[in-house]
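Q: Here is my input; please provide its structure:
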Amino acid sequence: MVRLQPHMSVNVQVEKNNNESTANLIRRFTKRVQGSGIINRIRRERYYKRAKSRNIGKTAKLLKLEKKVKYETLLKLGKIQETRGRRR
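A: The predicted model follows:
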């Protein structure tokens, strides 16, 4: 699978013929755009999120572990009550 970069552009150009209606020109343009695959590429990349770096993932995991240890110690000391999961 070849992945196009988001900054790459594909130009689609259609010129009006002598006896061609505007509706026909628009229809030819949309066909040309569909054939070039621009719309499919845009839809595929619409919700793309960049992967987080290793350092960010590690620090997030360490913070989560610290919070878990702190919660468990407070729970053992009786300073907080155990929270149950909510039902929807």
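
Q: contacts and neighbour counts: CA atoms only from here.
A: Fine.

Q: So what touches the helix or strand harbouring residue 24?
A: In the assignment (DSSP states H and E), residue 24 maps to helix 22-36. By Cα atoms under 8 Å, 6 or more residues apart in numbering, the residues outside helix 22-36 that reach it are 10, 12, 13, 14, 15, 16, 39, 40.

Q: Next, format the residues you listed as TSV and append neighbour count, secondary structure and distance to residue 48.
A: Shown next, in TSV, are these (neighbours: other Cα atoms under 10 Å; DSSP: H, G, I helix; E, B strand; the rest coil; distance: Cα to Cα, whole Å):
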residue	neighbour count	secondary structure	distance to residue 48
10	10	coil	20
12	12	coil	24
13	8	coil	28
14	11	coil	31
15	8	coil	34
16	12	coil	36
39	11	helix	15
40	13	helix	14
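
Q: Of all pairs in these, which one spans the longest distance?
A: When Cα to Cα is used, the two most widely separated members of the contacts of helix 22-36 are 16 and 40, lying 25.6 Å apart.

Q: quick one: pLDDT of residue 75?
A: For residue 75, the pLDDT comes out at 93.
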